[in-house]
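S.K.: below is the sequence, then the predicted model.
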Amino acid sequence: MIRLEGVTKRFRSAAGERVALDGIDLTVEAGQVFGVVGRSGAGKSTLIRTINLLERPDAGRVLVDGHEITALKPTELRAARRRIGMIFQHFNLLNAKTIAENVAFPLRLEGRPGAEVDRRVAELLERLGLTEHAKKHPAQLSGGQKQRVGIARALATEPKVLLCDEATSALDPETTEDILTLLDQLNRELGLTIVLITHQMEVVRRVCDRVAVLKDGRVVEEGATADVFLHPQHAATRAMLAEGDEAFDASMAPAGGRLAKLTFRGGSTYEPELSRVARSVGVDYSILSGRISRIRGEPYGQLVVAFTGGDAEAAVAQLTARGVTVESVGAA
Ligand SMILES: Nc1ncnc2c1ncn2[C@@H]1O[C@H](COP(=O)(O)OP(=O)(O)OP(=O)(O)O)[C@@H](O)[C@H]1O
C-alpha cells in the first residue's frame, strides 16, 4: 500500500547541511496501523510528510496505492493527496470557520455539489459524535473534540490512508485513549491504513500492528509491535522502552542466582507456568521486575527473575518447552 524506497531528505541552512532522512526503505501493507518512533530530531515528521509529499525527498521513491507519488504531475498529485488524509498535533483547524465548515472544506476545494457536501458533512459529524457542535467554532471545543474534527475533515474525501503526526501528543491520557479507540475503530471498520508518528510508546502498544524505530534518519529496527517491544534488538529501542520504567537492580538479586528475562504471551500470560515449573524442578525464584500489559490487544507478561537453590537450567528448559521465551540477563 505504501512503499518508501531509498528516501533521502537533506535540509540546508546557514549552519550547514543536515540529513534528516538517510535512505529509508519501508513497506506498510493495506489495512495496517504502522507506528514510527524515535527521539526528537530522528526524522519522524520529515518521514511522514514525505508520504503525501509535504516534503519532497532529494532521492528515492514514494509509492502509495500503486502510484509513484514522487513522479506525479501537480494535478495528479492533488488527486492522489485526496486519498491520503492527515491529522496533526495542534489540529490545524480554520478558527474563523464553524466545525461543519471545517469538515466541508476539502469537499468544497474539490468543487463537490452543495447538497452532496451537506450530506457527507452530516454523515461524518454523526460518525464522530460531533453533530451537536456543527455550528460552533474550534475555540469552543476541547482538545479531544478538536482532534475529532481534524479526523472528520481528514476523512471527508474518503482517503485510503490516514497520516497521524503526533495526533495525541497534546491530549491528556483519557482523551488520548478516546482518540486511539476511534483510530482503532476506523482502521477495523473502514479498513483504513494508518501511519502514525509518536514519541509515546503507549500509543504504539495500544494501536500499532507494526513499528519502525528511527535514529538519525535511519530505520534501525522494524517489525511486529509485540516482537520489537518485547525483544528489542537495538540500543535506541531499548532506551526508549526503558524510559519511565523502574530498572531492576541486579545488586538486589540473591547471590549466585541465575538471572533470566521471561516473556509470556497470549493465554499463557495468566497461567501459573512459573510456579509449576519451579515446583517440578525444585528451584526457587525471586521476581526482580515485572510488567503485565497488552500490545495491540494481545496480553503479555514480562518478568526478570533470579533462580536459586536448584537446577536453573532445567527450569529454563521446561519454561521454553511451555512456550515461554527465556533470555539470559547475566549472572547476579
Ligand atoms: N524545514 C527544515 N529546515 C531545516 N532543518 C529541518 C527542517 N525540518 C526538519 N529539519 C531537521 O531535520 C531533522 C529531523 O527533523 P524532524 O522534525 O523530522 O524530526 P522528529 O523526529 O520529527 O523530531 P520531533 O519529535 O522533535 O518533532 C532535525 O535535525 C531537524 O532539525
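M.R.: Structure received.
S.K.: for the residue nearest the centre of the chain, name its beta-bridge partners.
M.R.: With distances taken as Cα atoms, centre = their mean, residue 35 lies nearest the centre of the chain, 3.0 Å away. Per DSSP bridges, the residues bridged to residue 35 are residue 196, residue 211.
S.K.: ok, it to residue 93 distance?
M.R.: 24 Å (Cβ to Cβ, to the nearest Å). C-betas here are computed from N, CA, C, even on glycine.
S.K.: ok, which residues in the protein are in contact with the ligand?
M.R.: 11, 13, 18, 20, 38, 40-46, 199 (Cβ under 6 Å from any ligand atom).
S.K.: now, the most widely separated pair of these?
M.R.: 13 and 199 (23.6 Å; Cβ to Cβ).
S.K.: re earlier: quick one: the residue nearest to the centre of the chain and residue 204 touch, right?
M.R.: Yes - in this structure, residue 35 is within contact of residue 204 by Cβ atoms under 8 Å, at 4.2 Å.
S.K.: tell me, what's touching these two both at once?
M.R.: 198, 211, 225 (Cβ atoms under 8 Å, 6 or more residues apart in numbering).
S.K.: please name the nearest non-neighbouring residue to residue 4.
M.R.: In this structure, residue 4 finds its nearest non-sequential neighbour in residue 26, 4.5 Å apart by Cβ to Cβ, 6 or more residues apart in numbering.
S.K.: for the closest residue in space to residue 36 that isn't next to it in sequence, what are its contacts?
M.R.: Of all residues not flanking residue 36 in the chain, residue 197 sits nearest, at 4.6 Å (Cβ to Cβ, 6+ apart). The contact partners of residue 197, taken as Cβ under 8 Å, 6+ apart, are 35, 36, 37, 44, 45, 47, 48, 164, 165, 166.
S.K.: state the distance from residue 197 to residue 213.
M.R.: With Cβ to Cβ as the criterion, residue 197 and residue 213 are 12 Å apart.
S.K.: measure stretch 74-91 end to end?
M.R.: End-to-end distance for stretch 74-91: 26 Å, by Cα to Cα, to the nearest Å.
S.K.: how about it, which residues are buried there?
M.R.: 80, 81, 82, 84, 85, 86, 87, 88, 89, 91 (16 or more other Cβ atoms under 10 Å).
S.K.: correct me, but the fifth one touches residue 159?
M.R.: Which is residue 85. Yes - counting by Cβ under 8 Å, residue 85 touches residue 159, with 4.0 Å between them.
S.K.: can you flag the buried ones in the residues of the chain next to the ligand?
M.R.: Buried members of those, counted by 16+ other Cβ under 10 Å: 20, 38, 42, 43, 44, 45, 46, 199.
S.K.: mind giving me a markdown table with these and columns for pLDDT and secondary structure?
M.R.: Converted to a markdown table, these look like this (pLDDT from 0 to 100; DSSP: H, G, I helix; E, B strand; the rest coil):
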| residue | pLDDT | secondary structure |
| --- | --- | --- |
| 20 | 96 | strand |
| 38 | 95 | coil |
| 42 | 95 | coil |
| 43 | 96 | coil |
| 44 | 97 | helix |
| 45 | 96 | helix |
| 46 | 97 | helix |
| 199 | 91 | coil |
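S.K.: surely residue 320 is within a helix?
M.R.: Yes - counting by DSSP: H, G, I helix; E, B strand; the rest coil, residue 320 falls inside a helix.
S.K.: relative to residue 155, how far out is it?
M.R.: Separation of residue 320 from residue 155 (Cβ to Cβ): 46 Å.
S.K.: and whichever residue of the stretch 151-300 of the chain sits closest to the ligand, how close does it get to residue 220?
M.R.: Nearest residue of the stretch 151-300 of the chain to the ligand: residue 199, at 5.7 Å (Cβ to the nearest ligand atom). Separation of residue 199 from residue 220 (Cβ to Cβ): 16 Å.
S.K.: now the contacts of residue 197 in TSV, with distance to residue 59?
M.R.: Converted to TSV, those look like this (distance: Cβ to Cβ, whole Å):
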residue	distance to residue 59
35	25
36	19
37	24
44	19
45	19
47	14
48	18
164	26
165	23
166	26
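S.K.: biggest separation within those, which pair?
M.R.: 35 and 45 (14.0 Å).
S.K.: what's next to the helix or strand harbouring residue 126, contact-wise?
M.R.: Assigning secondary structure by DSSP states H and E places residue 126 in helix 114-127. Helix 114-127 has contacts (Cβ under 8 Å, 6+ apart) with 99-100, 103-104, 107-108, 112, 130-131, 133-134, 152, 155-156.
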